[in-house]
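Enquirer: Sharing a model prediction with you, sequence too.
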Amino acid sequence: NAGVTQTPKFQVLKTGQSMTLQCAQDMNHNSMYWYRQDPGMGLRLIYYSASEGTTDKGEVPNGYNVSRLNKREFSLRLESAAPSQTSVYFCASSLRGVDEQFFGPGTRLTVL
Amino acid sequence: QKEVEQDPGPLSVPEGAIVSLNCTYSNSAFQYFMWYRQYSRKGPELLMYTYSSGNKEDGRFTAQVDKSSKYISLFIRDSQPSDSATYLCAMSRGDWGAQKLVFGQGTRLTINP
């Protein structure tokens, strides 16, 4: 039982490049989330998916897109990376909205 | 002004001390309150989860919520070096479909042997 897994662990991009961050959970959870963590800012919600087939914007969605591929997988895409997107990205999942959110190990992204 | 304010520290205390961590918030609609612990270069893990006002105890950890003052606290008794981490408060209005958490900035805590 791996919990929440994220790939890649590290990534360096040049400004304007695109990439997709992958997230998968094996806990049969319904809800999935993407956060970013910047120094002094805590975690901020980018996008979330309450259930398979639905996605919604969080606090800081600009510059990102998401896909809930199936119940297990929730990907985050940067279409044209900018230095302001340099951050640590965390995926999380929960059985239902009010339940505990379990976090993945994070992806450290640097945009030059 | 941020919805959730948390002193980022750093906070350094000797082993065995009682540690008090706090957050204030401005949104009176928040009903669910959490404390997460995050070790360096790891994802956050849930420590305490409370609904509405009151206290909750789990081993050496006690969480308090005072909704009238919009203030939450986490107390750590008999602190250990293994408690050294960043502690994040988080809260939400509570949605059955998806819980949109709002986090504080995190407090970096070091317990000195």
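Expert: Thanks, I have the structure now.
Enquirer: Give me the most central residue, chain A.
Expert: Centroid-nearest residue in chain A: residue A:34, 3.1 Å away (criterion: C-alpha atoms, centre = their mean).
Enquirer: who does it bridge with?
Expert: Beta-bridge partners for residue A:34, by DSSP bridges, are residue A:47, residue A:91.
Enquirer: Could you report the separation of it from residue B:35?
Expert: 22 Å (C-beta to C-beta, to the nearest Å). In this view, the C-beta of every residue, glycine as well, is placed from N, C-alpha and C.
Enquirer: What does residue B:27 show for phi and psi?
Expert: phi -90, psi 110 (degrees, to the nearest 10).
Enquirer: Mind checking what secondary structure residue B:82 has?
Expert: State at residue B:82, reduced to three classes by DSSP: H, G, I helix; E, B strand; the rest coil: helix.
Enquirer: Count the residues that sit near it.
Expert: Close neighbours of residue B:82, defined as other C-beta atoms under 10 Å in any protein chain shown, add up to 8.
Enquirer: Quick one: residues contacting it.
Expert: Taking C-beta atoms under 8 Å, 6 or more residues apart in numbering or on different chains, we find residue B:82 in contact with residue B:111.
Enquirer: mind checking pLDDT for it?
Expert: At residue B:82, the model reports a pLDDT of 97.
Enquirer: and residue 75, what element?
Expert: Assuming you mean chain A. Per DSSP states H and E, residue A:75 falls inside strand A:74-78.
Enquirer: that's the other chain; I wanted chain B
Expert: With DSSP H and E as the criterion, residue B:75 is inside strand B:71-76.
Enquirer: Residue B:98 and residue A:58, how far apart?
Expert: In terms of C-beta to C-beta, residue B:98 sits 9 Å off from residue A:58.
Enquirer: Between those two, which has more neighbouring residues?
Expert: residue B:98 (25 against 20).
Enquirer: does that one count as helix, strand or coil?
Expert: Quick answer, by three-state DSSP: residue B:98 is coil.
Enquirer: Thought residue A:33 was touching it, still the case?
Expert: Yes - contact criterion C-beta atoms under 8 Å: residue B:98 and residue A:33 qualify, at 7.2 Å.
Enquirer: Show me the common contact partners of those two, please.
Expert: Contacts common to residue B:98 and residue A:33, judged by C-beta under 8 Å, 6+ apart, are A:48, A:49, A:94.
Enquirer: which of the residues you listed come close to chain B?
Expert: When the shared contacts of residue B:98 and residue A:33 are checked against chain B using C-beta under 8 Å from any C-beta of the partner chain, the ones in range are A:48, A:49, A:94.
Enquirer: Looking at neighbours, which among these is most surrounded?
Expert: residue A:48 (28 neighbours).
Enquirer: For the residue of chain B positioned farthest from its centre, which residues are in contact?
Expert: Using C-alpha atoms, centre = their mean, the residue of chain B lying farthest from its centre is residue B:97. It sits 23.5 Å away. Neighbouring residues of residue B:97 by C-beta under 8 Å, 6+ apart: A:31, A:50, A:51, A:96, A:97.
Enquirer: Can you show me the strands along chain A?
Expert: Secondary structure of chain A (DSSP state E): strands at A:4-7, A:10-13, A:19-25, A:31-38, A:42-49, A:56-57, A:64-68, A:74-78, A:87-94, A:102-103, A:107-111.
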